[in-house]
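*Asks:* Following is a predicted model, sequence given first.
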Amino acid sequence: MLEDPILRPRRQFLRSCMGGLCVVIPLFQGGRQGAPLLAPGPAFAEIARQAGLDAFRDTCGSVAKDYLVETVGSGVALFDYNHDGLLDVLMVNGSTFRLLDNPRLPRTASRLFRNNGNGTFTDVTEQSGFLNDGWGMGVAVADFDNDGHPDVFITNFGPNRLFHNNGNGTFTDVTHDAGVEGGNWSTGCAWGDYDRDGRLDLYVARYVDFDRANIPRPGANSYCLYRGVPVACGPLGLPGLPDLLYHNEGGGKFREVSRETGVVDSDRAYGFSVVWCDFDNDGWPDIYVANDSMPNYLWHNKGNGTFEEIGMQAGCAVSGDGRAQSSMGIAVGDYDNDGWMDLLVTNFSEDYKTLYHNVRGQFDDVSYQAGLGTSTFKQLAWGTGFLDYDNDGWKDLFIANGHIYPQADQAGNHYLQNNQLFHNLRNGRFALLSDSQSGFTNALSSRGAAWGDLDNDGAVEIVVNNIGQPPFLYAPRKPGASWTRVKLAGTKSNRDALGARLKVTANGMVQTDEVRSGESYISSCDQRLHFGLGEARVIDRLEIRWPSGTTEIHEKLPVNRELTFREQ
């Protein structure tokens, strides 16, 4: 049972309630109210067709979307599967009940696209042996066996799949031997080394205990209506599933350890996205989980192989006024460059998307103060990320939108919605760019999103999975500002250096980021860390805190190139 929000040990609870939801604080640029002044032309151009990604479609149930599983869509992963120095694209694909019910029909499958290095991609799914023909949901990429090759875990409505990268351009399904099948309906997933033993562990979020034979039909009760219109039922009114935590035992084997580590999802919350990050700067990776219609989880790593759930105490479980929100995606980043990793959580429509400012391990809901309240209220949001699209050293915010109900158009909203780009004003506030300024002019029902430098030119691309339509590939207009991209390789730590903390000092500015696998909405982004450097011509100092706990410092480094460091 949830305690009264007034009694919760929540920092500045009453001040957030009074100041956050009643007042919309205007944004200013150059002393005048309004959006920032930008150079002519959109920030991004949509080029999926030119790149050869437009043949893909995320299959997701029937057109009517009578069941919840048909509405939530799938993720995206960006990673270099063949070690040619270029990010490849994995589009996770769903399915339909018609296909599942009739094994004689051809299956849908997730698709792996190889980066050709000339702005185009080639579908290499068949020759790579990467065959996930289940109802795909989420994806997380990491080198779980430290052999130098990125492996892929995919969650499904049905058994999950772990694909081992053989190092020769092919994959082998090792799910059964690894012991990570899970079951029923898994969603978000992420890799992290919670005990810092150098082997990557795996958190799997799960959603509804879904039995189609026992699911009410649209309109059957109050949980099957949207603004009076009959729609797919749930998740409220349906049983949830506990999340799973797998410990990497070595030798390609995993053991489910949620109970012994204290990660006991006793509420059986409806889990969506998950991310590992050291939110209190104590050197141990914590786990944040976005839950639909229930309070979010923050599993604090106690440093002894166990966790405690502190979402309420830390102030990031519910909104500033104490409401559990319907949370989908998670953005992690230090948007105000104060050295503490902040959170943006995307939520259902008719609710704002929540920006949690990290104040020394405690969080304040600053959504309205930051200018994100009214501008995100009507949208139903999914994939999201803090990324510096103009390389000025301040992380901007991307949000992918799209309703779950095709019937939303009958109820005063829209099933197809535009994605959004918010410019960081460097004062704790963001300004929403118009569709023409962002380049996000086409409205679809977007879901998973991932970003990374696909052409290694120092500007970050964004790939978005859309239900029933081709994906978006947003190519940025090349900023004139400086940048650096950092790639780490662990030795004592896990090979991917997941959990490594970087501080980059240039031109009087200090930026902080952390290597992660799994974020946004059930997606996996480029693990190389990108930093915009503005007018800097040299990196004064780069500090790496490896997951093993060792620290190294480098000074007077060049800009506008990728820097690679191997743990000493």
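*Replies:* Right, received. Where do you want to start? Numbering: from 1, shown residues only.
*Asks:* ok, and the closest non-adjacent residue to residue 429?
*Replies:* For residue 429, ignoring the flanking residues on the chain, the nearest one in space by Cβ to Cβ, 6 or more residues apart in numbering is residue 371 at 4.7 Å. All C-beta spots, glycine's among them, are computed from the backbone N, C-alpha and C.
*Asks:* you'd agree that neighbour is up against residue 427?
*Replies:* No. In this structure, residue 371 is not within contact of residue 427 by Cβ atoms under 8 Å, at 10.1 Å.
*Asks:* And these two? Which one has more around it.
*Replies:* residue 371 (23 against 11; other Cβ atoms under 10 Å).
*Asks:* before we move on, back to that, which of the helices or strands spans the residue nearest to residue 429?
*Replies:* For residue 371, there is no host helix or strand (DSSP states H and E).
*Asks:* And for residue 83, the neighbour number?
*Replies:* Using other Cβ under 10 Å, residue 83 has 12 neighbouring residues.
*Asks:* for residue 406, that is, sorry about that
*Replies:* Residues near residue 406, counting by other Cβ under 10 Å, number 19.
*Asks:* Distance check, it against residue 226.
*Replies:* 11 Å (Cβ to Cβ, to the nearest Å).
*Asks:* how about the strands in the stretch 101-250 of the chain?
*Replies:* 111-115, 121-123, 135-142, 151-157, 161-165, 171-173, 186-192, 201-206, 225-226, 229-230, 244-250 (DSSP state E, counting those that start in this stretch).
*Asks:* could those go into TSV alongside mean neighbour count, distance to residue 523 and mean pLDDT?
*Replies:* TSV is the format used below for those (neighbours: other Cβ atoms under 10 Å; distance: least, Cβ to Cβ, whole Å; pLDDT from 0 to 100):
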stretch	mean neighbour count	distance to residue 523	mean pLDDT
strand 111-115	23	15	98
strand 121-123	17	17	98
strand 135-142	29	6	98
strand 151-157	27	11	98
strand 161-165	24	16	98
strand 171-173	17	19	98
strand 186-192	29	9	98
strand 201-206	27	13	98
strand 225-226	18	26	98
strand 229-230	16	30	98
strand 244-250	20	19	98
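*Asks:* what would those look like in CSV with distance to residue 412?
*Replies:* Output for the strands of the stretch 101-250 of the chain, formatted as CSV (distance: least, Cβ to Cβ, whole Å):
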stretch, distance to residue 412
strand 111-115, 36
strand 121-123, 39
strand 135-142, 29
strand 151-157, 30
strand 161-165, 40
strand 171-173, 45
strand 186-192, 28
strand 201-206, 31
strand 225-226, 10
strand 229-230, 9
strand 244-250, 38
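*Asks:* Nearest approach to residue 268 belongs to which of these?
*Replies:* The closest of these to residue 268 is strand 201-206. By Cβ to Cβ, the value is 8.6 Å.
*Asks:* and the angle for that closest one with strand 244-250?
*Replies:* 160 degrees (axes from the mean of the first three to the mean of the last three Cα atoms, to 10 degrees).
*Asks:* quick one: strands adjacent to strand 201-206?
*Replies:* strand 186-192 (antiparallel), strand 244-250 (antiparallel) (DSSP bridges).
*Asks:* Please compute how far the helix or strand just after the last one lies from its chain's middle.
*Replies:* This points to strand 244-250. Remark: after strand 244-250, the chain's next helix or strand is strand 253-256, criterion DSSP H and E. How far strand 253-256 lies from its chain's middle: 24 Å, per Cα atoms, centre = their mean, to the nearest Å.
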